[in-house]
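The following block contains a protein sequence and its predicted model.
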Amino acid sequence: MEHDRDIDILDIKAEENTEDLGFLAETSVLERLSEGEAPEETPDLSETQVFENLTSDKREKQPGETAALKKIKDAGNSEDEEGKTSFRSSALKEVLLFFRDLGVCLAVVLVVVNFILRPIQVKGSSMYPTLTNGALGVSNLLGYRMDGIERFDIVIIYVEDKNEYLVKRCVGLPGETVAYRDQTLYINNEPVEEPFFDESYTSTYDVFMEDLDEITLGEDEYFCLGDNRPRSTDSRVYGPFHKDEIVSKGVFIFFPFSGFGVQTW
């Protein structure tokens, strides 16, 4: 019983101490309020511990997460840079290849135009019906340089005084004497047939070719006439053409399609 009494006394004292502490706390709060100070809040220990635990976990996880995010970001940036670099390199390569191909094409065109084939356009009817007005084609530069000119070749002549090109047919060669009598060609006083004429066309004229007095050609001189004799300005007006005035021979017609093909190539 005495022991129980001691416990009760201790409990009473503890309660008294608690009451005293509460009284002191209230007194302290009242004093602060009277002095104009805000009371301090006593944090909930359990909530504080939870918050500290969360922030501690966040701080522990944050370095790892930041490093991982940084690696992903760096990898993405690296891929972007590699993609941009690859695109620039590919675009530059395409541009260089384009200009390379363009340069090759231009070089080929220059070689062809200056040494192999010359584009031509027939103007007028002086070569009708063999070549029609406006016909488009090419003439053989290489063949002229290699093989020279033979009788009845179609040739392209450059007339410097008029700064123009003529398309005619060569009927007289260097050193020959050329003449026309009774619409017949004579070479060195021997009649020569002209098989390229279209009789259905020549017969429409009473006089297709007027008489021409003898002309003896000098070295490197050629006598050239148009197939449409009544309507051609040729050696009968200009005189013989020097070989340096002849730039190519033969004609290949592309247009019109009715005349497509080779004409005395």
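Nice, thanks for sending it over.

Now do the contacts for the nearest residue to Ile187 once chain neighbours are set aside.
Closest residue to Ile187 apart from its sequence neighbours, by CB to CB, 6 or more residues apart in numbering: Glu176 at 5.4 Å. Backbone N, C-alpha and C define where each C-beta goes, glycine included. Counting by CB atoms under 8 Å, 6 or more residues apart in numbering, Glu176 touches 187-188, 216-217, 223.

per-residue confidence at Glu176?
Per-residue confidence for Glu176 comes out at a pLDDT of 98.

hmm, back to that, of the contacts of Glu176, which is the most crowded?
Phe223 (27 neighbours; other CB atoms under 10 Å).

Checking that one next. Helix, strand or coil?
strand (DSSP: H, G, I helix; E, B strand; the rest coil).

cool, and Ser89?
helix.

what about it, distance to Phe98?
Counting by CB to CB, to the nearest Å, the gap from Ser89 to Phe98 is 15 Å.

Report how many residues lie close to Phe98.
For Phe98, the neighbour count with other CB under 10 Å is 10.

ugh, wrong one, I meant Lys168
25.

For it, give its distance to Pro230.
From Lys168 over to Pro230 (counting by CB to CB), the distance is 15 Å.

Starting from the strand or helix carrying Ile156, tell me which strands it pairs with and how they run.
Using DSSP states H and E, Ile156 maps to strand 154-159. Partner strands and pairing direction for strand 154-159 (DSSP bridges) are strand 164-172 (antiparallel), strand 246-255 (antiparallel).

Comparing the ones you listed, which yields the minimum mean pLDDT?
strand 246-255 (a mean of 93).

so where's the stretch 151-265 of the chain uncertain?
264-265 (pLDDT under 70).

Quick check on Gly259: phi, psi?
According to degrees, to the nearest 10, the main-chain angles of Gly259 amount to phi -110, psi 10.

Got the phi and psi for the closest residue in space to Asn188 that isn't next to it in sequence?
Nearest residue to Asn188, sequence neighbours excluded (CB to CB, 6+ apart): Thr177, at 5.3 Å. The phi/psi pair for Thr177 (degrees, to the nearest 10) reads phi -110, psi 120.

For Thr177, give the beta-bridge partners.
What pairs with Thr177, by the bridge criterion (DSSP bridges), is Thr216.

Could you check how far it is from Glu164?
Distance of Thr177 to Glu164, given as CB to CB: 29 Å.
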